[in-house]
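# Build the 3D model from these lines:
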Amino acid sequence: MTFLIAFRSLLQHKRRTFVLGAAVAFVTVVMLTLLGIAEGMNRTLIESSTTLMSGHVNVAGFYKVTAGQAAPVVTHYKQVVEVIRQAVPELKYIAQRGRGWAKITSDGGTNKMFGLTGIDVKNEKGLAAVLKIKEGKLEDLAKPGSIMLFEDQARDLEVKVGDALTIQAPTPRGVNNTLDVTVVAIANNMGMMSQFSSFINEASLRQLYQLNDETTGALMIYMGTTDLVQLKKVEDKLREALGKSGYQILEEDPRAFFFKFENVTREAWTGQKLDITNWRDEVNFVSWTVDLMNALAFFLAFVFLSVVGIGIMIVMWISIRERTREIGTLRAIGMQRGRVMRMFLAEGFLLGVLSTTAGALFGLVLAVVINGADVTLPQGFQFILMSDHLKVVPTVAWTLVAVVFITAVITGISLLPSFIAARLKPVTAMQHVG
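Below you'll find the model as predicted:
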(Lines give C-alpha, C1' and ligand atoms only; values in the text may rest on other atoms or scores of the structure.)
Protein backbone atom coordinates (compact mmCIF):
# COMPACT_ATOMS: atom_id res chain seq x y z
CA MET A 1 0.00 0.00 0.00
CA THR A 2 2.81 2.41 0.87
CA PHE A 3 4.49 1.97 -2.52
CA LEU A 4 1.15 2.22 -4.32
CA ILE A 5 0.43 5.59 -2.67
CA ALA A 6 3.97 6.74 -3.50
CA PHE A 7 3.63 5.64 -7.13
CA ARG A 8 0.30 7.44 -7.54
CA SER A 9 1.81 10.58 -6.01
CA LEU A 10 4.60 10.52 -8.61
CA LEU A 11 2.02 10.05 -11.40
CA GLN A 12 -0.03 12.94 -10.08
CA HIS A 13 2.88 15.33 -10.82
CA LYS A 14 3.99 13.97 -14.18
CA ARG A 15 6.02 16.97 -15.35
CA ARG A 16 7.91 17.32 -12.08
CA THR A 17 8.58 13.58 -11.92
CA PHE A 18 9.77 13.53 -15.54
CA VAL A 19 12.26 16.38 -15.04
CA LEU A 20 13.72 14.86 -11.88
CA GLY A 21 13.70 11.35 -13.34
CA ALA A 22 15.48 12.55 -16.49
CA ALA A 23 18.18 14.20 -14.37
CA VAL A 24 18.72 11.03 -12.32
CA ALA A 25 18.75 8.92 -15.50
CA PHE A 26 21.38 11.24 -17.00
CA VAL A 27 23.61 10.77 -13.95
CA THR A 28 23.17 7.00 -14.30
CA VAL A 29 24.17 7.10 -17.98
CA VAL A 30 27.29 9.17 -17.22
CA MET A 31 28.35 6.92 -14.35
CA LEU A 32 27.68 3.70 -16.25
CA THR A 33 29.54 4.95 -19.33
CA LEU A 34 32.61 5.94 -17.31
CA LEU A 35 32.57 2.62 -15.44
CA GLY A 36 32.21 0.87 -18.81
CA ILE A 37 35.24 2.75 -20.17
CA ALA A 38 37.19 1.77 -17.05
CA GLU A 39 36.19 -1.88 -17.52
CA GLY A 40 37.22 -1.67 -21.18
CA MET A 41 40.58 -0.28 -20.06
CA ASN A 42 40.94 -3.07 -17.50
CA ARG A 43 40.23 -5.79 -20.06
CA THR A 44 42.61 -4.18 -22.56
CA LEU A 45 45.20 -3.93 -19.80
CA ILE A 46 44.88 -7.63 -18.98
CA GLU A 47 44.94 -8.66 -22.64
CA SER A 48 47.88 -6.49 -23.63
CA SER A 49 49.91 -7.00 -20.45
CA THR A 50 49.58 -10.80 -20.53
CA THR A 51 50.72 -10.74 -24.14
CA LEU A 52 53.30 -7.97 -24.31
CA MET A 53 54.94 -7.87 -20.88
CA SER A 54 53.87 -10.67 -18.60
CA GLY A 55 52.32 -14.07 -18.11
CA HIS A 56 49.55 -14.64 -15.61
CA VAL A 57 52.35 -15.57 -13.21
CA ASN A 58 56.05 -14.96 -13.85
CA VAL A 59 59.24 -16.54 -12.60
CA ALA A 60 62.03 -14.11 -13.39
CA GLY A 61 64.89 -12.78 -11.31
CA PHE A 62 68.32 -11.21 -11.25
CA TYR A 63 71.83 -12.54 -11.62
CA LYS A 64 74.70 -10.62 -10.01
CA VAL A 65 78.28 -11.20 -11.13
CA THR A 66 79.36 -8.64 -8.54
CA ALA A 67 77.43 -7.18 -5.63
CA GLY A 68 76.77 -3.87 -7.41
CA GLN A 69 75.85 -5.18 -10.86
CA ALA A 70 72.59 -6.98 -11.66
CA ALA A 71 71.12 -8.41 -14.87
CA PRO A 72 67.44 -9.43 -15.32
CA VAL A 73 68.15 -13.05 -16.29
CA VAL A 74 67.34 -16.58 -15.14
CA THR A 75 70.23 -19.03 -15.50
CA HIS A 76 69.72 -22.76 -16.15
CA TYR A 77 66.07 -21.95 -16.82
CA LYS A 78 65.20 -25.43 -18.12
CA GLN A 79 65.70 -26.84 -14.62
CA VAL A 80 63.45 -24.09 -13.23
CA VAL A 81 60.79 -25.03 -15.81
CA GLU A 82 60.77 -28.61 -14.52
CA VAL A 83 60.16 -27.43 -10.96
CA ILE A 84 57.35 -25.14 -12.16
CA ARG A 85 55.62 -27.94 -14.06
CA GLN A 86 55.71 -30.23 -11.04
CA ALA A 87 54.45 -27.53 -8.67
CA VAL A 88 51.70 -26.21 -10.99
CA PRO A 89 50.49 -29.11 -13.17
CA GLU A 90 47.31 -27.20 -14.09
CA LEU A 91 49.21 -24.52 -16.06
CA LYS A 92 48.39 -24.14 -19.77
CA TYR A 93 51.84 -23.36 -21.11
CA ILE A 94 55.08 -21.55 -20.33
CA ALA A 95 56.68 -18.92 -22.60
CA GLN A 96 60.29 -17.88 -22.16
CA ARG A 97 61.31 -14.35 -23.04
CA GLY A 98 64.50 -12.39 -22.89
CA ARG A 99 64.61 -8.98 -21.24
CA GLY A 100 66.80 -6.02 -21.93
CA TRP A 101 67.13 -2.25 -21.97
CA ALA A 102 69.16 -0.68 -24.74
CA LYS A 103 69.98 2.38 -26.82
CA ILE A 104 68.70 1.99 -30.38
CA THR A 105 70.10 4.18 -33.17
CA SER A 106 68.86 4.53 -36.76
CA ASP A 107 71.05 5.14 -39.81
CA GLY A 108 69.91 8.76 -39.71
CA GLY A 109 71.46 9.22 -36.26
CA THR A 110 68.22 9.31 -34.29
CA ASN A 111 68.38 7.27 -31.09
CA LYS A 112 65.97 6.16 -28.39
CA MET A 113 66.14 4.15 -25.19
CA PHE A 114 63.53 1.46 -24.60
CA GLY A 115 63.09 -2.15 -23.55
CA LEU A 116 63.82 -5.21 -25.65
CA THR A 117 61.81 -8.41 -25.38
CA GLY A 118 63.42 -11.44 -26.96
CA ILE A 119 60.90 -13.96 -28.31
CA ASP A 120 60.76 -17.19 -30.27
CA VAL A 121 57.84 -16.15 -32.46
CA LYS A 122 57.06 -19.76 -33.43
CA ASN A 123 56.24 -20.63 -29.81
CA GLU A 124 54.20 -17.50 -29.01
CA LYS A 125 50.58 -18.63 -28.82
CA GLY A 126 48.82 -15.35 -28.02
CA LEU A 127 50.97 -12.65 -29.58
CA ALA A 128 49.63 -12.72 -33.14
CA ALA A 129 46.02 -12.49 -31.90
CA VAL A 130 46.65 -9.23 -30.02
CA LEU A 131 49.17 -7.38 -32.18
CA LYS A 132 47.86 -5.52 -35.23
CA ILE A 133 50.67 -5.37 -37.76
CA LYS A 134 50.67 -2.18 -39.82
CA GLU A 135 53.67 -2.99 -42.01
CA GLY A 136 55.74 -6.14 -42.59
CA LYS A 137 55.17 -9.60 -41.10
CA LEU A 138 55.35 -10.74 -37.50
CA GLU A 139 56.55 -14.18 -38.69
CA ASP A 140 59.78 -12.56 -39.94
CA LEU A 141 60.90 -12.22 -36.32
CA ALA A 142 62.02 -15.83 -36.68
CA LYS A 143 64.97 -14.51 -38.72
CA PRO A 144 68.21 -13.69 -36.88
CA GLY A 145 68.90 -9.96 -36.57
CA SER A 146 65.23 -8.95 -36.79
CA ILE A 147 63.21 -6.50 -34.68
CA MET A 148 59.58 -5.37 -34.50
CA LEU A 149 58.71 -1.81 -33.46
CA PHE A 150 55.49 -0.08 -32.59
CA GLU A 151 54.22 2.82 -34.66
CA ASP A 152 55.38 5.61 -32.34
CA GLN A 153 58.80 4.02 -31.93
CA ALA A 154 59.26 3.75 -35.69
CA ARG A 155 58.19 7.37 -36.11
CA ASP A 156 60.61 8.59 -33.42
CA LEU A 157 63.48 6.64 -35.00
CA GLU A 158 62.38 7.71 -38.51
CA VAL A 159 62.50 4.17 -39.89
CA LYS A 160 60.27 1.83 -41.88
CA VAL A 161 60.24 -1.91 -42.63
CA GLY A 162 63.57 -2.95 -44.14
CA ASP A 163 65.63 -0.21 -42.46
CA ALA A 164 68.64 -1.04 -40.30
CA LEU A 165 69.13 -0.18 -36.63
CA THR A 166 72.10 -0.45 -34.27
CA ILE A 167 71.50 -1.60 -30.70
CA GLN A 168 73.94 -0.81 -27.92
CA ALA A 169 73.73 -2.29 -24.42
CA PRO A 170 75.99 -3.45 -21.56
CA THR A 171 76.28 -7.21 -21.03
CA PRO A 172 75.79 -8.77 -17.55
CA ARG A 173 79.56 -8.56 -17.12
CA GLY A 174 79.59 -4.81 -17.77
CA VAL A 175 81.03 -4.86 -21.31
CA ASN A 176 79.28 -2.68 -23.92
CA ASN A 177 78.17 -4.60 -26.98
CA THR A 178 76.45 -3.63 -30.24
CA LEU A 179 74.21 -5.48 -32.65
CA ASP A 180 72.89 -4.57 -36.10
CA VAL A 181 69.25 -5.50 -36.72
CA THR A 182 66.64 -4.97 -39.42
CA VAL A 183 63.08 -3.75 -38.89
CA VAL A 184 60.81 -6.56 -40.16
CA ALA A 185 57.46 -5.36 -38.81
CA ILE A 186 55.74 -2.26 -37.42
CA ALA A 187 52.66 -2.76 -35.21
CA ASN A 188 49.87 -0.38 -34.32
CA ASN A 189 50.23 1.34 -30.96
CA MET A 190 48.68 -0.35 -27.93
CA GLY A 191 48.42 2.73 -25.75
CA MET A 192 50.77 3.19 -22.84
CA MET A 193 51.83 -0.46 -22.91
CA SER A 194 53.53 -0.13 -26.31
CA GLN A 195 55.70 2.82 -25.32
CA PHE A 196 58.21 0.83 -23.30
CA SER A 197 59.18 -2.25 -25.24
CA SER A 198 59.81 -3.75 -28.66
CA PHE A 199 60.21 -7.36 -29.81
CA ILE A 200 63.46 -8.81 -31.08
CA ASN A 201 64.53 -12.24 -32.23
CA GLU A 202 65.45 -14.24 -29.12
CA ALA A 203 68.74 -15.55 -30.50
CA SER A 204 69.75 -12.01 -31.44
CA LEU A 205 69.05 -10.77 -27.93
CA ARG A 206 71.24 -13.56 -26.55
CA GLN A 207 73.96 -12.48 -28.94
CA LEU A 208 73.68 -8.85 -27.82
CA TYR A 209 73.97 -9.75 -24.14
CA GLN A 210 76.40 -12.64 -24.76
CA LEU A 211 74.15 -15.19 -23.06
CA ASN A 212 74.15 -18.95 -23.55
CA ASP A 213 71.16 -21.12 -24.46
CA GLU A 214 70.54 -21.98 -20.79
CA THR A 215 69.74 -18.36 -19.90
CA THR A 216 66.53 -16.40 -20.41
CA GLY A 217 64.91 -13.27 -19.03
CA ALA A 218 61.62 -14.53 -17.63
CA LEU A 219 59.42 -17.61 -17.59
CA MET A 220 55.83 -16.52 -18.21
CA ILE A 221 53.26 -18.99 -16.92
CA TYR A 222 49.80 -18.92 -18.48
CA MET A 223 46.89 -20.26 -16.45
CA GLY A 224 43.18 -20.63 -17.16
CA THR A 225 42.35 -17.51 -15.13
CA THR A 226 43.44 -13.92 -14.53
CA ASP A 227 41.83 -13.82 -11.08
CA LEU A 228 44.43 -12.41 -8.69
CA VAL A 229 43.23 -14.46 -5.71
CA GLN A 230 43.83 -17.70 -7.60
CA LEU A 231 47.13 -16.46 -9.01
CA LYS A 232 48.37 -15.57 -5.51
CA LYS A 233 47.87 -19.21 -4.53
CA VAL A 234 49.95 -20.26 -7.55
CA GLU A 235 52.68 -17.82 -6.49
CA ASP A 236 52.74 -19.29 -2.99
CA LYS A 237 53.10 -22.84 -4.38
CA LEU A 238 55.96 -21.72 -6.62
CA ARG A 239 57.81 -19.99 -3.80
CA GLU A 240 57.54 -23.11 -1.68
CA ALA A 241 58.56 -25.50 -4.47
CA LEU A 242 61.46 -23.39 -5.76
CA GLY A 243 62.69 -22.76 -2.22
CA LYS A 244 62.71 -26.49 -1.48
CA SER A 245 64.66 -27.05 -4.73
CA GLY A 246 67.46 -24.83 -3.45
CA TYR A 247 66.69 -21.58 -5.29
CA GLN A 248 66.99 -18.26 -3.50
CA ILE A 249 63.80 -16.16 -3.77
CA LEU A 250 63.54 -12.38 -3.64
CA GLU A 251 61.16 -10.90 -1.09
CA GLU A 252 57.69 -10.23 -2.50
CA ASP A 253 57.66 -6.87 -4.27
CA PRO A 254 54.52 -6.00 -6.33
CA ARG A 255 56.31 -3.88 -8.93
CA ALA A 256 57.57 -4.29 -12.48
CA PHE A 257 61.04 -5.82 -12.71
CA PHE A 258 62.74 -2.61 -13.93
CA PHE A 259 61.73 -0.77 -10.74
CA LYS A 260 63.64 -3.33 -8.66
CA PHE A 261 67.13 -2.71 -10.04
CA GLU A 262 67.99 -0.06 -7.45
CA ASN A 263 67.07 -2.26 -4.49
CA VAL A 264 68.79 -5.33 -5.94
CA THR A 265 72.07 -3.55 -6.73
CA ARG A 266 72.22 -2.17 -3.17
CA GLU A 267 72.08 -5.67 -1.69
CA ALA A 268 75.34 -7.48 -0.96
CA TRP A 269 74.56 -10.92 -2.42
CA THR A 270 75.92 -12.37 -5.66
CA GLY A 271 74.65 -15.16 -7.89
CA GLN A 272 71.01 -15.92 -8.79
CA LYS A 273 67.80 -14.93 -7.02
CA LEU A 274 64.40 -15.64 -8.52
CA ASP A 275 61.50 -13.21 -8.46
CA ILE A 276 57.86 -14.36 -8.59
CA THR A 277 55.17 -11.91 -9.71
CA ASN A 278 51.75 -11.83 -11.35
CA TRP A 279 50.48 -9.78 -14.29
CA ARG A 280 49.14 -7.01 -12.05
CA ASP A 281 52.54 -6.52 -10.43
CA GLU A 282 54.25 -6.13 -13.80
CA VAL A 283 51.86 -3.40 -14.97
CA ASN A 284 51.26 -1.58 -11.68
CA PHE A 285 52.85 1.54 -13.20
CA VAL A 286 49.89 1.87 -15.61
CA SER A 287 47.07 0.06 -13.77
CA TRP A 288 46.45 3.20 -11.70
CA THR A 289 44.69 4.69 -14.75
CA VAL A 290 41.91 2.09 -14.42
CA ASP A 291 41.48 2.88 -10.72
CA LEU A 292 41.46 6.59 -11.56
CA MET A 293 38.68 6.13 -14.12
CA ASN A 294 36.57 4.20 -11.60
CA ALA A 295 37.14 6.93 -9.02
CA LEU A 296 36.26 9.60 -11.60
CA ALA A 297 32.98 7.82 -12.36
CA PHE A 298 31.93 7.87 -8.69
CA PHE A 299 33.17 11.45 -8.19
CA LEU A 300 31.22 12.83 -11.16
CA ALA A 301 28.16 10.85 -10.11
CA PHE A 302 28.44 12.34 -6.62
CA VAL A 303 28.79 15.89 -8.01
CA PHE A 304 25.81 15.49 -10.35
CA LEU A 305 23.76 13.82 -7.64
CA SER A 306 24.50 16.69 -5.26
CA VAL A 307 22.95 19.11 -7.76
CA VAL A 308 20.05 16.79 -8.57
CA GLY A 309 19.59 16.02 -4.87
CA ILE A 310 19.05 19.69 -4.03
CA GLY A 311 16.31 19.76 -6.65
CA ILE A 312 14.72 16.60 -5.28
CA MET A 313 14.78 17.95 -1.74
CA ILE A 314 13.16 21.23 -2.81
CA VAL A 315 10.50 19.40 -4.81
CA MET A 316 9.70 17.11 -1.87
CA TRP A 317 9.38 20.10 0.46
CA ILE A 318 6.95 21.65 -2.03
CA SER A 319 5.07 18.34 -2.17
CA ILE A 320 4.87 18.23 1.61
CA ARG A 321 3.55 21.79 1.71
CA GLU A 322 0.91 20.96 -0.93
CA ARG A 323 -0.12 17.81 0.92
CA THR A 324 0.00 19.18 4.47
CA ARG A 325 -3.77 18.84 5.01
CA GLU A 326 -3.63 15.33 3.51
CA ILE A 327 -0.87 14.40 5.96
CA GLY A 328 -2.89 15.89 8.83
CA THR A 329 -5.93 13.85 7.85
CA LEU A 330 -3.92 10.64 7.60
CA ARG A 331 -2.38 11.29 11.01
CA ALA A 332 -5.82 12.10 12.49
CA ILE A 333 -7.30 8.76 11.37
CA GLY A 334 -4.47 6.85 13.00
CA MET A 335 -1.49 6.71 10.61
CA GLN A 336 1.70 6.65 12.67
CA ARG A 337 4.68 8.94 12.09
CA GLY A 338 6.80 6.03 10.89
CA ARG A 339 4.21 5.16 8.24
CA VAL A 340 4.13 8.79 7.00
CA MET A 341 7.90 8.86 6.85
CA ARG A 342 8.01 5.57 4.93
CA MET A 343 5.45 6.91 2.46
CA PHE A 344 7.67 9.85 1.47
CA LEU A 345 10.80 7.71 1.53
CA ALA A 346 9.03 5.32 -0.83
CA GLU A 347 8.53 8.21 -3.29
CA GLY A 348 12.27 8.92 -3.30
CA PHE A 349 13.07 5.24 -3.57
CA LEU A 350 10.67 4.67 -6.48
CA LEU A 351 11.95 7.78 -8.26
CA GLY A 352 15.49 6.44 -7.86
CA VAL A 353 14.71 2.87 -8.96
CA LEU A 354 12.65 3.83 -12.01
CA SER A 355 15.02 6.57 -13.15
CA THR A 356 18.22 4.61 -12.68
CA THR A 357 16.71 1.56 -14.41
CA ALA A 358 15.77 3.72 -17.40
CA GLY A 359 19.20 5.34 -17.34
CA ALA A 360 20.94 1.95 -17.15
CA LEU A 361 18.98 0.66 -20.15
CA PHE A 362 19.85 3.78 -22.13
CA GLY A 363 23.49 3.48 -21.03
CA LEU A 364 23.66 -0.12 -22.24
CA VAL A 365 22.20 0.89 -25.62
CA LEU A 366 24.67 3.79 -25.81
CA ALA A 367 27.57 1.39 -25.12
CA VAL A 368 26.44 -0.87 -27.97
CA VAL A 369 26.24 2.17 -30.30
CA ILE A 370 29.68 3.46 -29.30
CA ASN A 371 31.31 0.05 -29.72
CA GLY A 372 29.55 -0.46 -33.04
CA ALA A 373 30.74 2.94 -34.29
CA ASP A 374 34.36 1.82 -33.69
CA VAL A 375 35.42 5.32 -32.61
CA THR A 376 39.11 5.99 -33.29
CA LEU A 377 40.80 7.80 -30.40
CA PRO A 378 43.26 10.70 -30.74
CA GLN A 379 46.83 9.71 -29.94
CA GLY A 380 46.82 11.30 -26.49
CA PHE A 381 43.72 9.35 -25.46
CA GLN A 382 45.21 6.14 -26.87
CA PHE A 383 48.09 6.53 -24.44
CA ILE A 384 45.74 6.87 -21.46
CA LEU A 385 43.00 4.42 -22.47
CA MET A 386 45.51 1.80 -23.74
CA SER A 387 43.62 1.24 -26.98
CA ASP A 388 43.35 2.86 -30.41
CA HIS A 389 39.53 2.63 -30.30
CA LEU A 390 37.04 3.59 -27.60
CA LYS A 391 35.69 0.57 -25.75
CA VAL A 392 32.76 0.71 -23.34
CA VAL A 393 32.11 -2.52 -21.41
CA PRO A 394 29.27 -1.99 -18.90
CA THR A 395 29.23 -5.30 -17.06
CA VAL A 396 26.24 -6.60 -15.10
CA ALA A 397 28.14 -6.02 -11.86
CA TRP A 398 28.94 -2.37 -12.65
CA THR A 399 25.36 -1.79 -13.88
CA LEU A 400 23.99 -3.07 -10.56
CA VAL A 401 26.54 -0.97 -8.66
CA ALA A 402 25.46 2.18 -10.51
CA VAL A 403 21.74 1.50 -10.00
CA VAL A 404 22.09 0.61 -6.30
CA PHE A 405 24.51 3.49 -5.54
CA ILE A 406 22.39 6.20 -7.16
CA THR A 407 19.10 4.82 -5.80
CA ALA A 408 20.60 4.72 -2.31
CA VAL A 409 21.74 8.34 -2.61
CA ILE A 410 18.32 9.51 -3.87
CA THR A 411 16.59 7.62 -1.05
CA GLY A 412 19.01 9.13 1.45
CA ILE A 413 18.27 12.63 0.15
CA SER A 414 14.57 11.95 0.81
CA LEU A 415 15.19 11.30 4.52
CA LEU A 416 15.08 14.91 5.75
CA PRO A 417 11.86 15.92 3.95
CA SER A 418 10.29 12.61 5.02
CA PHE A 419 11.26 13.25 8.62
CA ILE A 420 9.76 16.76 8.49
CA ALA A 421 6.51 15.37 7.04
CA ALA A 422 6.31 12.77 9.81
CA ARG A 423 6.79 15.43 12.51
CA LEU A 424 3.77 17.50 11.43
CA LYS A 425 1.09 17.69 14.12
CA PRO A 426 -2.35 16.48 12.91
CA VAL A 427 -4.30 19.54 14.20
CA THR A 428 -1.86 22.06 12.76
CA ALA A 429 -1.63 20.21 9.44
CA MET A 430 -5.43 19.99 9.02
CA GLN A 431 -5.78 23.73 9.65
CA HIS A 432 -3.10 24.55 7.03
CA VAL A 433 -4.27 26.63 4.07
CA GLY A 434 -2.19 25.77 0.96
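# State which strand of the chain is the longest.
Ordering each strand of the chain by length in residues (DSSP state E) puts strand 93-106 first.
# Name every strand pairing with it and say which way it goes.
Next to strand 93-106 in the sheet, as set by DSSP bridges, lie strand 111-119 (antiparallel), strand 164-170 (antiparallel), strand 218-222 (antiparallel).
# Residue 268 is nearest to which of those strands?
Residue 268 lies closest to strand 164-170 among these, at 21.2 Å (CB to CB). For every residue, glycine as well, the C-beta is placed using N, CA and C.
# Neighbouring strands of the next helix or strand after the closest one in the sheet, and parallel or not?
Counting by DSSP states H and E, the element after strand 164-170 in chain order, helix or strand, is strand 176-187. Within its sheet, and counting by DSSP bridges, strand 176-187 is paired with strand 133-136 (antiparallel), strand 146-150 (parallel), strand 164-170 (antiparallel).
# Could you list the buried residues of the last one?
For strand 164-170, the buried set under the neighbour-count rule, 16 or more other CB atoms under 10 Å, comprises 165, 167, 169.
# Looking at the residues you listed, which is nearest residue 148?
The closest of these to residue 148 turns out to be residue 165 (CB to CB; 11.3 Å).
# contacting residues around that closest one?
Residues near residue 165 by CB atoms under 8 Å, 6 or more residues apart in numbering: 104, 105, 106, 107, 147, 157, 159, 180, 181, 182, 183.
# any idea of the pLDDT on it?
pLDDT for residue 165: 90.
# ok, it to residue 205 distance?
Using CB to CB, to the nearest Å, residue 165 is found at 14 Å from residue 205.
# all helices of the stretch 151-300 of the chain, in order?
With DSSP state H, counting those that start in this stretch as the criterion, the stretch 151-300 of the chain has helices at 151-157, 202-209, 228-244, 261-266, 279-282, 284-322.
# let me fix that: the stretch 301-434 of the chain
Using DSSP H, counting those that start in this stretch, the helices of the stretch 301-434 of the chain run over residues 324-332, 337-373, 379-385, 396-413, 415-423, 426-430.
# Return the member of these having the minimum mean pLDDT.
Here the lowest mean pLDDT among the helices of the stretch 301-434 of the chain goes to helix 426-430, at a mean of 51.
# for the stretch 201-350 of the chain, what are the low-confidence residue spans?
Applying pLDDT under 70 to the stretch 201-350 of the chain picks out residues 287-289, 312, 315-341.
# Now with 80, please.
Residues of the stretch 201-350 of the chain meeting the criterion pLDDT under 80: 258, 283-294, 296-298, 300-345, 347-348.
# Count the residues that sit near the nearest residue to residue 296 once chain neighbours are set aside.
In this structure, residue 296 finds its nearest non-sequential neighbour in residue 34, 6.1 Å apart by CB to CB, 6 or more residues apart in numbering. For residue 34, the neighbour count with other CB atoms under 10 Å is 24.
# what sits against the closest residue to residue 156 other than its chain neighbours?
The shortest distance from residue 156 to any non-neighbouring residue, by CB to CB, 6+ apart, is to residue 112 (5.4 Å). Each residue near residue 112 by CB under 8 Å, 6+ apart is listed here: 103, 104, 153, 156, 157.
# residue contacts, residue 249?
239, 242, 243, 273, 274, 275, 276.
# buried subset of those residues?
239, 242, 273, 274, 275, 276.
# these two touch, right, the first one and residue 277?
No - the pair residue 239 and residue 277 does not pass the contact test of CB atoms under 8 Å, sitting 11.2 Å apart.
# re the thing from before, any buried residues in the longest strand of the chain, and which?
Residues of strand 93-106 classed as buried by neighbour count (16+ other CB under 10 Å): 94, 95, 96, 97, 98, 99, 100, 102, 104, 105, 106.
# just stretch 80-93 next, same as before
In terms of neighbour count (16+ other CB under 10 Å), stretch 80-93 has its buried residues at 80, 81, 83, 84, 87, 88, 91.
# Kindly report the same for stretch 112-128.
112, 114, 115, 116, 117, 118, 119, 121, 124, 127.
# Then stretch 55-72?
Neighbour-count burial for stretch 55-72 flags 55-64, 69-72 (criterion: 16+ other CB under 10 Å).
# could I get these as CSV with distance to residue 199 and pLDDT?
Listed next are these as CSV, based on distance: CB to CB, whole Å; pLDDT from 0 to 100:
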residue, distance to residue 199, pLDDT
55, 16, 86
56, 20, 91
57, 21, 92
58, 17, 92
59, 20, 92
60, 17, 90
61, 21, 87
62, 22, 88
63, 23, 86
64, 27, 84
69, 26, 79
70, 23, 80
71, 20, 81
72, 16, 85
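# Quick one: residues contacting the residue lying closest to residue 98 once chain neighbours are set aside.
Leaving aside its sequence neighbours, residue 98 sits nearest to residue 118 (CB to CB, 6+ apart; 2.8 Å). With contacts defined as CB under 8 Å, 6+ apart, the neighbours of residue 118 are 97-100, 199-206, 216-217.
# could I get these as CSV with distance to residue 255?
Output for the contacts of residue 118, formatted as CSV (distance: CB to CB, whole Å):
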residue, distance to residue 255
97, 18
98, 20
99, 15
100, 18
199, 23
200, 24
201, 28
202, 25
203, 29
204, 28
205, 23
206, 26
216, 21
217, 16
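# Give me the neighbour count for residue 210.
Residue 210: 12 surrounding residues under other CB under 10 Å.
# swap in residue 262?
For residue 262, the number of neighbouring residues by other CB under 10 Å comes to 9.
# Mind splitting the protein into its structural domains?
Following automatic domain parsing, one gets these domains for the chain: 2-47+286-430, 55-282.
# one step back: buried among the contacts of residue 118? Need that as a selection in ChimeraX.
Here is the ChimeraX command that selects only those of the contacts of residue 118 that count as buried (16+ other CB under 10 Å):
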select :97,98,99,100,199,200,201,202,203,204,205,206,216,217
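# Please identify which of the contacts of residue 118 is nearest to residue 343.
residue 97 (65.1 Å).
# Okay, now the unreliable bits of the stretch 51-200 of the chain?
Residues of the stretch 51-200 of the chain that meet the criterion pLDDT under 80 lie in 51-53, 67-69, 108-109, 123-130, 171-175, 189-196.
# which ones are touching the nearest residue to residue 130 once chain neighbours are set aside?
Spatial nearest neighbour of residue 130, chain neighbours left out: residue 51 (4.3 Å); criterion: CB to CB, 6+ apart. With contact set as CB under 8 Å, 6+ apart, residue 51 has these partners: 126, 127, 129, 130, 131.
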